[in-house]
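J.: I'd like to go over a predicted model; first the sequence, then the structure.
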Amino acid sequence: MAFAAGTAGAQTTVRVYNINDPGIGFNDARPTQPVGGNVGTTVGEQRAIAFQYAADIWASMLVSLEEIAVFARFEDLECEIDRGVLGAAGPTTIFANFPGALLPNVAYPPALANALAGFDHDDNAPEIFAQFNNLIDLDTCIDTRSWYYGLDGNSGDDIDLVTVVLHELGHGLGIADFSDHTTGEFPPPGFPSIYSHFVKDTDLGRTWNLMTPFERFQSATNVHGLVWDGAQVTAEATKLMDFGVPRLDASPPIAGVSGQIGEAPFGPLPTAPLTGELAVGDDGSPPGWDGCDALAPLTGKIALLQRGGTCKSPDKVKNAELAGAIAVLIADDEDERPPFHPRAFDPGEFVSIPVFGVTREDGDLLAFSTFAGPLTLTLSLDDTRQSGMTDGQLRLFASDPLRLGSSVAHFDISARPDLLMEPRATPGLGQGVDVTLAALRDMGWPIAEFCGNGVLDANEVCDDGGANSDERADACRLDCNPARCGDGAVDTGEQCDLGDNQPNDGCDASCQLESMPPVGAGGANPNPTGGSAGAGAIGTSGGAAGQRNNEAASSENAGGCACRANGGTSGTPILLAPLAVLFLWGRRRQKDRLRAPEACSRRRS
């Protein structure tokens with residue numbers, strides 16, 4: 001069964017096919033109330049409407065003569081009270097050496113191959129396979145949060161299905177690495193993917209298509225050293241990413257401490273260097289420093305706590321704040337890099353002190369150092385560097401050890417503002433595609449003409465794609481006009497901007513402060529820092545010292561339905577087994593492969 005597809009004026013059609021069994025997933029008949037513009041009256045109907053809504057967003061941006069078929073279902077995926085898999089999606093196969101291919105002996109995902117060739121390489125197979133977690137609406141899965149089926153992006157602390165579908169379809173359209181991360185090999189016959197042409201190791205100075213399998217294997221764990229080497233993404237990220245990379249300095253210095261720290265999605269960022277003595281939090285209960293119980297006094301100190309225990313990260317931080325701490329470091333309880341980014345599914349009480357994560361190794365070194373005498377730490381932001389960037393290029397997510405299903409095929413979690421294609425979902429992210437569209441452009445996707453595509457089309461004065469913003473200082477605005485006095489954001493050379501250019505409100509028509517009318521005369525106080533200079537365009541709330549968004553865990557599969565394409569002489573079809581499948585999917589992989597032919601046969605039903 002296919003859902004109603006296509007929005008008016010769409011450049012292509014992305015059609016979603018329901019392959020759920022009766023009574024579950026898209027066929028869930030439980031009654032529900034319309035929400036956020038979604039008029040469905042059952043859970044299944046709302047899921048279908050939200051899914052197709054996301055598909056239509058992509059359809060409006062891409063150009064292809066061929067329908068992009070998505071076989072989708074909801075099923076029970078791995079989920080716990082504090083973490084879980086939201087969804088998984090990816091291309092069903094890959095093609096090479098077809099008419100219209102931009103490069104020879106290079107593997108393309110089927111949706112892109114069809115768009116470039118101008119015909120469907122296999123009418124009997126979908127281009128994308130996707131599945132989503134049926135358990136999210138249960139209280140035993142990711143706390144008390146549920147899927148939000150509204151179309152308006154007002155998900156609150158729930159998980160916006162439209163945003164998650166946008167992310168997963170991004171994988172299906174081409175944000176997917178086809179190599180075997182355990183060997184570094186590309187699928188037979190060994191053609192590099194178009195995606196691999198843009199995955200660059202900054203240490204080696206080469207992209208993955210030019211590496212040996214062993215080099216790719218090693219590169220996948222090069223934390224903060226894996227970047228996207230594409231002109232479109234680089235141009236947009238340079239304008240989008242916030243300046244200010246968090247760092248830690250110790251006095252006296254400690255050998256072996258990296259100085260790298262991970263941002264938490266709650267609590268403020270320091271607006272100036274924050275210095276204090278480090279103290280290991282003691283809550284009097286084994287293991288003693290997880291911070292889950294009331295802590296001994298920490299007045300004026302930076303608290304070091306450990307991840308885990310019986311409480312959530314915000315609860316630990318609140319205990320430290322109540323004990324007088326001025327900031328908190330949370331050490332990972334696993335040996336992993338990059339630095340731990342504390343998560344918060346429910347921020348609980350408001351946290352008003354900075355929160356950062358450190359690796360387990362750095363946490364142990366810091367804790368042991370306190371036994372030798374007072375240790376002073378300084379937490380600060382390096383305002384000369386942009387978040388999520390290495391050597392001027394946007395980072396891809398790499399971890400050590402490797403995270404199958406997350407590594408390489410996502411942008412890095414250090415990005416600020418948060419990005420659609422990070423491996424973890426962020427409530428409040430919105431329903432935009434930020435630099436994802438730029439990545440597809442880098443790979444050769446034909447893009448429709450519209451404000452926000454990153455191309456200066458007719459009647460546009462500027463267009464920075466995902467970096468367009470009505471909030472950030474000096475950004476190209478969402479209407480593809482340049483920043484200007486009266487747009488509500490304080491830009492360079494402006495002292496204020498209330499967005500109205502009205503006199504006698506404290507901000508004059510040239511966006512300079514003016515004398516206020518006498519009290520009682522009806523004037524309004526201007527906000528010289530109004531708009532959100534320093535605030536992220538996506539997924540942020542307020543400026544650098546504002547409360548940040550909470551994060552929910554999300555892991556994805558860059559593979560999918562493993563249907564073999566019957567390409568004939570139109571190109572080289574390559575069977576693509578499920579890619580980068582999470583280990584927790586191991587027992588389901590064979591089932592998915594066996595069901596694939598049946599699913600593919602239903603494409604045109």
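T.: Ah, there it is.
J.: got the residue ranges for the helices in the protein?
T.: 43-59, 110-117, 161-173, 213-219, 231-240, 313-322, 360-369, 436-442, 589-601 (DSSP state H).
J.: Dump the fourth one to CSV, restricted to CA.
T.: Extracted C-alpha coordinates of helix 213-219, given in CSV (Å, rounded to 0.1, in the frame of the first residue of the first chain):
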residue,chain,number,x,y,z
PRO,A,213,41.4,-1.0,2.8
PHE,A,214,43.7,-1.0,5.8
GLU,A,215,44.0,2.8,5.7
ARG,A,216,40.3,3.1,5.6
PHE,A,217,40.0,0.7,8.5
GLN,A,218,42.3,2.8,10.6
SER,A,219,40.8,6.1,9.4
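J.: residues of it that come out buried?
T.: R216, F217, S219 (16 or more other C-beta atoms under 10 Å). C-beta: built from backbone N, CA, C; applies to glycine.
J.: quick one: pLDDT of the residue nearest to M389 when sequence neighbours are not counted?
T.: Using C-beta to C-beta, 6 or more residues apart in numbering and skipping residues adjacent in sequence, the residue nearest M389 is M241, 5.7 Å away. Reported pLDDT at M241 in the predicted model: 96.
J.: again with D500
T.: At D500, pLDDT is 83.
J.: Find the nearest non-adjacent residue to it, please.
T.: G486 (7.0 Å).
J.: do C141 as well
T.: Distance criterion C-beta to C-beta, 6+ apart; nearest residue to C141, sequence neighbours excluded, is C79 at 3.8 Å.
J.: wait, isn't that neighbour in contact with R145?
T.: No: contact criterion C-beta atoms under 8 Å: C79 and R145 do not qualify, at 10.9 Å.
J.: before we move on, back to that, report how many residues lie close to the residue nearest to D500.
T.: Counted with other C-beta atoms under 10 Å, residues neighbouring G486 total 16.
J.: contacting residues for it?
T.: Under the criterion of C-beta atoms under 8 Å, 6 or more residues apart in numbering, the contact list for G486 reads D497, G499, D500, N501, A509, C511.
J.: got it, and T234?
T.: T234 sits next to W228, G392, Q393, L394 when contact means C-beta under 8 Å, 6+ apart.
J.: let's see 10 Å
T.: Counting by C-beta atoms under 10 Å, 6 or more residues apart in numbering, T234 touches V227, W228, M389, G392, Q393, L394, V435, A438, D442.
J.: List buried residues within the residues you listed.
T.: Here, 16+ other C-beta under 10 Å leaves V227, W228, M389, Q393, L394, V435, A438, D442 buried among those.
J.: so what's T376 bridging to?
T.: Counting by DSSP bridges, T376 is bridged to S251, E277.
J.: Setting aside sequence neighbours, what's the nearest residue to V43?
T.: D28 (4.2 Å).
J.: Count the neighbours of that neighbour for me.
T.: If you count neighbours by other C-beta under 10 Å, D28 ends up with 20.
J.: just checking, it touches D137?
T.: Yes: the criterion here is C-beta atoms under 10 Å, and D28 meets it with D137 at 9.4 Å.
J.: got any residues that touch both of the two?
T.: Counting by C-beta under 10 Å, 6+ apart, the shared contacts of D28 and D137 are V43.
J.: Relative to Y148, how far out is the residue nearest to V43?
T.: For D28, the distance to Y148 equals 16 Å [C-beta to C-beta, to the nearest Å].
J.: now S258
T.: In terms of C-beta to C-beta, S258 sits 37 Å off from Y148.
J.: Who has more neighbours out of the two?
T.: Y148 (26 against 16).
J.: Extract the C-alpha trace of stretch 244-262 and format it as PDB.
T.: C-alpha atoms of stretch 244-262 as PDB (Å, rounded to 0.1, in the frame of the first residue of the first chain):
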ATOM      1  CA  GLY A 244      33.900  28.900  20.500                       C
ATOM      2  CA  VAL A 245      35.300  25.400  21.000                       C
ATOM      3  CA  PRO A 246      35.400  24.300  24.700                       C
ATOM      4  CA  ARG A 247      38.700  23.400  26.200                       C
ATOM      5  CA  LEU A 248      40.200  22.500  29.600                       C
ATOM      6  CA  ASP A 249      43.500  23.700  31.000                       C
ATOM      7  CA  ALA A 250      45.100  22.400  34.200                       C
ATOM      8  CA  SER A 251      47.500  24.000  36.600                       C
ATOM      9  CA  PRO A 252      49.800  22.400  37.200                       C
ATOM     10  CA  PRO A 253      49.700  20.600  33.800                       C
ATOM     11  CA  ILE A 254      48.900  16.900  33.800                       C
ATOM     12  CA  ALA A 255      50.700  14.700  31.400                       C
ATOM     13  CA  GLY A 256      48.300  12.700  29.200                       C
ATOM     14  CA  VAL A 257      45.200  14.800  29.700                       C
ATOM     15  CA  SER A 258      43.900  15.700  26.200                       C
ATOM     16  CA  GLY A 259      42.300  19.000  27.200                       C
ATOM     17  CA  GLN A 260      39.300  18.100  25.000                       C
ATOM     18  CA  ILE A 261      35.800  18.200  26.600                       C
ATOM     19  CA  GLY A 262      32.400  17.400  25.300                       C
END
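J.: Just the buried residues of that stretch, please?
T.: G244, V245, P246, R247, L248, A250, I254, V257, S258, Q260, I261, G262.
J.: Which of those residues fall in strands?
T.: In this view, the buried residues of stretch 244-262 that belong to strands under DSSP state E are G244, V245, P246, R247, L248, A250, G262.
J.: ok, which pair from the residues you listed is furthest apart?
T.: G244 and A250 (20.0 Å; C-beta to C-beta).
J.: Can you lay out the buried residues of helix 213-219 as JSON lines showing pLDDT and distance to S399?
T.: Formatted as JSON lines, the buried residues of helix 213-219 follow (pLDDT from 0 to 100; distance: C-beta to C-beta, whole Å):
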{"residue": "R216", "pLDDT": "97", "distance to S399": "15"}
{"residue": "F217", "pLDDT": "96", "distance to S399": "14"}
{"residue": "S219", "pLDDT": "97", "distance to S399": "12"}
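J.: Those into JSON lines, with extra columns for distance to S469?
T.: Output for these, formatted as JSON lines (distance: C-beta to C-beta, whole Å):
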{"residue": "R216", "distance to S469": "36"}
{"residue": "F217", "distance to S469": "39"}
{"residue": "S219", "distance to S469": "33"}
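J.: how about low-confidence regions in the chain?
T.: Applying pLDDT under 70 to the chain picks out residues 1-10, 285-288, 344-349, 516-605.
J.: circling back to that earlier point, next, format the buried ones among the contacts of T234 as JSON lines and append distance to H121.
T.: Formatted as JSON lines, these follow (distance: C-beta to C-beta, whole Å):
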{"residue": "V227", "distance to H121": "31"}
{"residue": "W228", "distance to H121": "27"}
{"residue": "M389", "distance to H121": "37"}
{"residue": "Q393", "distance to H121": "32"}
{"residue": "L394", "distance to H121": "31"}
{"residue": "V435", "distance to H121": "28"}
{"residue": "A438", "distance to H121": "26"}
{"residue": "D442", "distance to H121": "22"}
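J.: now for the residues you listed, which pair is the farthest apart?
T.: M389 and D442 (16.2 Å).
J.: Contact partners for the closest residue in space to R385 that isn't next to it in sequence?
T.: Spatial nearest neighbour of R385, excluding adjacent residues (C-beta to C-beta, 6+ apart): V245 at 4.3 Å. V245 makes contacts with 260-261, 263, 380-389, 414, 416, as judged by C-beta under 10 Å, 6+ apart.
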